[in-house]
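Visitor: The sequence and its predicted three-dimensional model are supplied below.
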Amino acid sequence: MRITFAGSGDAFGSGGRLNTCFYVEAEKTDFLIDCGASAMISLRKFHINPNSISTIVVSHLHGDHFGGLGFFILDAQLISKRNTDLTIVGPPGLEKRHRAAMEALFPGSVDVARKFQIRFIEMPAGQEIILENLTVTPFVAEHFSGAPSYALRIKCDGRILTYTGDTQWTETLVAAGLNADLMIAECYHPDRQLKGHLDLKTLKQHLEEIAPKRVILTHMSSAMLDNLDNIDLEAAYDGLVVTI
């Protein structure tokens, strides 16, 4: 499993980074984890073919995590000339929020005829969703987004990939990340506990309990980015490629 951090930034472009967008290449499927507003810029910048992506898994309904869906779909229709179906998986309310956002940004674009079908799957918390070549289990996170926000535990190619999404510390992160081959963890601040967000100090207090094999930090504020030389965990950057 090969993961490209096509976007590793927060909502505000701290450090000049792009919104969350992780491209995963597996043996039988390629998929995205989150599709932030800058996702198409990310894909073009890192020479990722959008048509290779069969599934998009969304952690929560904030623009820096799902706001690129409309751009992705229009690109698929008009530029990349997609002819294979697309599955979009995320929290309850995903399809309705996407349709509203896409209609606001590109009026009349939602229900036009396309050469591919879009299938939305809305995941109840804690319920394992089995797709053709991957399995996703959503765990409730502590991050207000007007709909459930999730940490994601993804099984594919015999590997476990966990992504915390945006969240302050919650015990569900233990189950989501337990013994994962890779845990991608939001780490917004070095030591300040902000509502809805993880900080490095709190995360490190729980890593022994979670016991992931590898941790990579993402979604970092300027305060966190300014302290990267002083941390002992891996930190993502736009364009980082890792294999698990």
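Guide: All right, it came through fine. Residues are numbered from 1 along each chain as shown.

Visitor: switch to C-alpha atoms for all contacts and neighbour counts from now on
Guide: Fine.

Visitor: which stretches of this structure have low pLDDT?
Guide: By pLDDT under 70, the chain has no low-scoring segment.

Visitor: And the strands in it?
Guide: Here the chain has its strands, by DSSP state E, at 2-7, 21-25, 30-33, 55-57, 86-90, 118-122, 129-130, 135-140, 150-156, 159-163, 182-186, 215-218, 234-235, 240-243.

Visitor: Can you say which of those is nearest to residue 198?
Guide: Nearest to residue 198 among the strands of the chain is strand 182-186 (6.1 Å), distances taken as C-alpha to C-alpha.

Visitor: Show me what the closest one is packed against.
Guide: Secondary-structure packing of strand 182-186 (3 or more C-alpha pairs under 8 Å, 6 or more residues apart in numbering; DSSP states H and E): strand 159-163, strand 215-218.

Visitor: Mind putting the strands of the chain into TSV with distance to residue 105 and mean neighbour count?
Guide: Listed next are the strands of the chain as TSV, based on distance: least, C-alpha to C-alpha, whole Å; neighbours: other C-alpha atoms under 10 Å:
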stretch	distance to residue 105	mean neighbour count
strand 2-7	22	24
strand 21-25	20	24
strand 30-33	22	22
strand 55-57	20	23
strand 86-90	19	21
strand 118-122	19	15
strand 129-130	30	14
strand 135-140	29	22
strand 150-156	25	24
strand 159-163	28	23
strand 182-186	28	25
strand 215-218	28	22
strand 234-235	33	16
strand 240-243	30	13
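
Visitor: Format the ones you listed as a markdown table; extra columns: distance to residue 96.
Guide: As requested, the strands of the chain are exported to a markdown table (distance: least, C-alpha to C-alpha, whole Å):
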| stretch | distance to residue 96 |
| --- | --- |
| strand 2-7 | 25 |
| strand 21-25 | 21 |
| strand 30-33 | 19 |
| strand 55-57 | 16 |
| strand 86-90 | 12 |
| strand 118-122 | 10 |
| strand 129-130 | 20 |
| strand 135-140 | 19 |
| strand 150-156 | 17 |
| strand 159-163 | 24 |
| strand 182-186 | 26 |
| strand 215-218 | 28 |
| strand 234-235 | 34 |
| strand 240-243 | 33 |
